[in-house]
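Undergrad: the sequence isn't on hand, but the structure is:
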């Protein structure tokens, strides 16, 4: 597909059709690199645990961090040393 490089403010850019963005999985951002004299765009890979730390902190602040299923605790767990 051929596209035009357009002036956008003090920069330049291209328009990428929405179906192409959907096909490669782009959402709000992309990782851009130059490889072998080619511009390469890749979807941003997020860590599977991204945001867990902040979510845990919020739960603890609201005292909402109790065991979900306390009845499933193992006998003798209280004697374990961590």
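TA: All right, it came through fine. The model shown is predicted, which means the values in this text are computed figures rather than measured ones.
Undergrad: got a list of what residue 5 touches?
TA: 12, 13, 14 (CB atoms under 8 Å, 6 or more residues apart in numbering). In short, each C-beta sits where N, CA and C put it, glycine included.
Undergrad: using the three-state scheme, assign residue 20.
TA: helix (DSSP: H, G, I helix; E, B strand; the rest coil).
Undergrad: look up the closest residue to residue 56, ignoring the ones flanking it.
TA: Spatial nearest neighbour of residue 56, excluding adjacent residues (CB to CB, 6 or more residues apart in numbering): residue 65 at 7.2 Å.
Undergrad: verify the stated contact: the one you found with residue 59.
TA: Yes: with contact defined as CB atoms under 8 Å, residue 65 counts as touching residue 59 (4.4 Å).
Undergrad: any chance you could map the strands in this structure?
TA: Taking DSSP state E, the strands of the chain run over residues 6-8, 11-13, 30-35, 38-43.
Undergrad: may I have the strands that pair with the third one, each with its orientation?
TA: Strand pairing for strand 30-35, determined by DSSP bridges: strand 38-43 (antiparallel).
Undergrad: just for this structure, where's the confidence low?
TA: The model of the chain has pLDDT under 70 over residues 73.
Undergrad: point to the residue nearest the middle of it.
TA: Central residue of the chain (CA atoms, centre = their mean): residue 46, 2.9 Å from the mean position.
Undergrad: on that earlier part again, how about a markdown table for the contacts of residue 5, with neighbour count and distance to residue 79 added?
TA: Putting the contacts of residue 5 into a markdown table (neighbours: other CB atoms under 10 Å; distance: CB to CB, whole Å) gives the following:
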| residue | neighbour count | distance to residue 79 |
| --- | --- | --- |
| 12 | 9 | 66 |
| 13 | 10 | 63 |
| 14 | 10 | 64 |
